[in-house]
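Asks: show me the folded form of this:
(chains A and B)
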Protein chains: 2
Amino acid sequence: MANKAILQSLAAVFETFYSSEMPVEHLTKSIVYSIQAGGKRIRPLFLLETLQGFGLDITTAHLQVAASLELIHTSSLIHDDLPAMDNDDFRRGVATNHKVFGEAQAILAGDALLLDPYLLLANAALPPEIVVDLVRELALASGSYGMVAGQVLDMDGENQVLTFEQLKQIHALKTGKMLTFPFVAAGIIAQVSKEVIADLRLVGEHVGQAFQIRDDILDVTATFDQLGKTPGKDEAADKSTYVKLLGLDGAKVALTENLTAAKMILTRISEQTAFSQAGILEQIERLKID
Amino acid sequence: MANKAILQSLAAVFETFYSSEMPVEHLTKSIVYSIQAGGKRIRPLFLLETLQGFGLDITTAHLQVAASLELIHTSSLIHDDLPAMDNDDFRRGVATNHKVFGEAQAILAGDALLLDPYLLLANAALPPEIVVDLVRELALASGSYGMVAGQVLDMDGENQVLTFEQLKQIHALKTGKMLTFPFVAAGIIAQVSKEVIADLRLVGEHVGQAFQIRDDILDVTATFDQLGKTPGKDEAADKSTYVKLLGLDGAKVALTENLTAAKMILTRISEQTAFSQAGILEQIERLKID
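Replies: Numbering: from 1, shown residues only, chains lettered A, B, ... in the order given. Take a look at the predicted model:
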């Protein structure tokens, strides 16, 4: 399935799930607002391209797993933007959820987006052992062992000078775990060996680091139009970033190094098992900055 | 297992899960603060007493399922108390989570408490088909089809005169689904017939209604010390309640009717299958008001 077809099928899964049969229409409306607010679906694409690399044809169940990941990611954006958190008015070029629907409903929309994904996973037509493994990985990636824990550390780190190791730990949790899930989940679904899953986890960790370094670089080099949100926020919040610690050139080198490492491990996987790299490499290349 | 032993074993499950190996200590600390803030564990007790009624010995896996339910319930209390929501300073007689740990961390602690439960479920030593069914039911009870949807409706209903049917619908979602889950989950774990699960769902719905009616009654008749929170909040928020719609005496009659209905269905279950009612009846009796 080509990229465009994947994105359309994914949109259909969201639409079917958040259909009119849900009991509270304006909750659904505020959820759909944030789902449709221009995300690039990079996490779902990582998952589905990796799956295709293992020779699987994309099914609705696979799209539901990818959608569950994107829902949790969307929740984190809504809650991060809240006045008590980053207090952002814009996200992906449009008003943030609480600016449109009010703070209370934005909190609740974010809550629903952490719970509904597990319904999607439970309803996915996959063997129950695989579903249980996916539930475990997604909960590990998102909760007290993952994204939420990283978000707490990230808040603590504002107005503090962090070491490179501290910064790496924050982002390994905050963005890294949710970017590692798609690779590991693809391995679980494709039922590859433990060794290959361990390698997929490494790929995800490097891609996660690359993603965050790229984000830090763009915060100082990009415009509002390019970012869809206010640039220079890190500087304004006096946050430690990869650019601050490594300099702009150093950050660019670190970005390249992580992408190279991810690609080397993908090559190793393709040498060990039936895996075609082309699709996922194309996705990873999108993280490059010229 | 007697009540006291159940509560101790449940506390041990929470302690093991939120142990020192979690990556961010002060997130764990704020989560544990709210878990230990004096909850009566009524939902876990409903689940575990019903399981014992079906003749099962309580295992760690059963306690983990019960714990997962209590965690999501705890999250809803933390988020409900936030300034943007009910803005409560006290809960169960102690300061609310955001009063102690700040608003941002309270939001994140609540978020983790929606995600971590699924890790508990995935790690419970139960057949994977059963785990998947439990994940589905818990997500249905809590997200856009359950608790969160009800909370949105409840907020909408403030400063509005609601009909009895509207009030019932709000509470069927807001409190009812999470009080129905323990009965249905017990049926899933005990692998009873679909008919018995349907009856267990009815029991939960009546218990859920009774619970909310009782809450509304206590809001006008109890003191701060009895409630552990500020009474008269409903009146102050100009909320529609069962007491407002039915009068105090009418609400008491409705409470009794729901408890009687629940008990009748439990008797029917015990006539259809091997089910001993004594333990669960004792729990349900606790909802009575003299």
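
Asks: count of neighbours near residue A:15?
Replies: Residue A:15 is flanked by 12 other residues according to other Cβ atoms under 10 Å in any protein chain shown. Just so you know, the C-beta spots here come from the backbone N, C-alpha and C atoms, and that holds for glycine as well.

Asks: can you give me the pLDDT of it?
Replies: Reading off the confidence values, residue A:15 has pLDDT 96.

Asks: any idea how far it lies from residue B:59?
Replies: In this structure, residue A:15 and residue B:59 are 41 Å apart, going by Cβ to Cβ, to the nearest Å.

Asks: do residue A:285 as well
Replies: The spacing between residue A:285 and residue B:59, counted by Cβ to Cβ, is 50 Å.

Asks: ok, the two, which is more surrounded?
Replies: Neighbour comparison, residue A:285 and residue B:59: the larger count goes to residue B:59, with 15 against 10 (by other Cβ under 10 Å).

Asks: return the residues in contact with the residue in the stretch 151-290 of chain A that chain B sits nearest to.
Replies: The minimum distance from the stretch 151-290 of chain A to chain B, using Cβ to the nearest Cβ, falls at residue A:152 (4.6 Å). Under the criterion of Cβ atoms under 8 Å, 6 or more residues apart in numbering or on different chains, the neighbours of residue A:152 are B:24, B:26, B:27, B:105, B:108.

Asks: going by neighbour count, which of those are buried?
Replies: In terms of neighbour count (16 or more other Cβ atoms under 10 Å in any protein chain shown), the buried residues within these are B:24, B:27, B:105, B:108.

Asks: in helices only, show me those residues.
Replies: When DSSP state H is applied, these are split such that B:27, B:105, B:108 fall in helices.

Asks: pretty sure the first one sits against residue A:146.
Replies: Pointing back at residue B:27 there. No - using Cβ atoms under 8 Å, residue B:27 is not in contact with residue A:146; the gap is 11.2 Å.

Asks: what mean pLDDT does whichever helix in chain A runs longest have?
Replies: For chain A, the helix with the greatest residue count under DSSP H is helix A:242-272. Per-region confidence: helix A:242-272 scores 96 on mean pLDDT.

Asks: list the buried residues in that helix.
Replies: For helix A:242-272, by 16+ other Cβ under 10 Å, it's A:242-246, A:251-252, A:254-255, A:258-259, A:261-263, A:265-266, A:268-269.

Asks: tell me the spacing between the residue lying closest to residue A:288 once chain neighbours are set aside and residue A:156.
Replies: The shortest distance from residue A:288 to any residue other than its chain neighbours is 6.6 Å, reached at residue A:259 (Cβ to Cβ, 6 or more residues apart in numbering or on different chains). Counting by Cβ to Cβ, the gap from residue A:259 to residue A:156 is 29 Å.

Asks: equivalent analysis for residue A:221, please.
Replies: Distance from residue A:221 to residue A:156, counting by Cβ to Cβ: 27 Å.

Asks: run the contact check for stretch A:123-138 versus chain B.
Replies: Yes - applying Cβ under 8 Å from any Cβ of the partner chain, one finds stretch A:123-138 in contact with chain B at A:123, A:127, A:128, A:129, A:131, A:132, A:133, A:135, A:136, A:138.

Asks: of these, grab the buried ones for PyMOL.
Replies: Here is the PyMOL command that selects only those of these that count as buried (16+ other Cβ under 10 Å):
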select buried, chain A and resi 123+128+131+132+133+135+136+138
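
Asks: for residue B:170, state which of the residues of stretch A:123-138 next to chain B is nearest.
Replies: Taking Cβ to Cβ as the measure, residue B:170 lies nearest residue A:123 of the residues of stretch A:123-138 next to chain B, at 25.9 Å.

Asks: so that closest one touches residue B:136, yeah?
Replies: Yes - between residue A:123 and residue B:136 a contact is recorded at 6.6 Å, counting by Cβ under 8 Å.

Asks: tell me, how many residues neighbour residue A:210?
Replies: Counted with other Cβ under 10 Å, residue A:210 comes out at 24.

Asks: ok, which of the ones in helices among the buried ones among the contacts of residue A:152 also contact chain A?
Replies: Counting by Cβ under 8 Å from any Cβ, the members of these near chain A are B:27, B:105, B:108.

Asks: pipe the residues you listed into a markdown table and attach distance to residue A:276 and pLDDT per row.
Replies: Compiled in a markdown table, these are given as follows (distance: Cβ to Cβ, whole Å; pLDDT from 0 to 100):
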| residue | distance to residue A:276 | pLDDT |
| --- | --- | --- |
| B:27 | 40 | 96 |
| B:105 | 45 | 97 |
| B:108 | 40 | 98 |
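
Asks: what are the contacting residues of stretch A:263-273?
Replies: For stretch A:263-273, with Cβ under 8 Å, 6+ apart as the criterion, the contacting residues are A:54, A:192-193, A:195-196, A:199-200, A:202-203, A:206, A:275-277, A:280-281, A:284.
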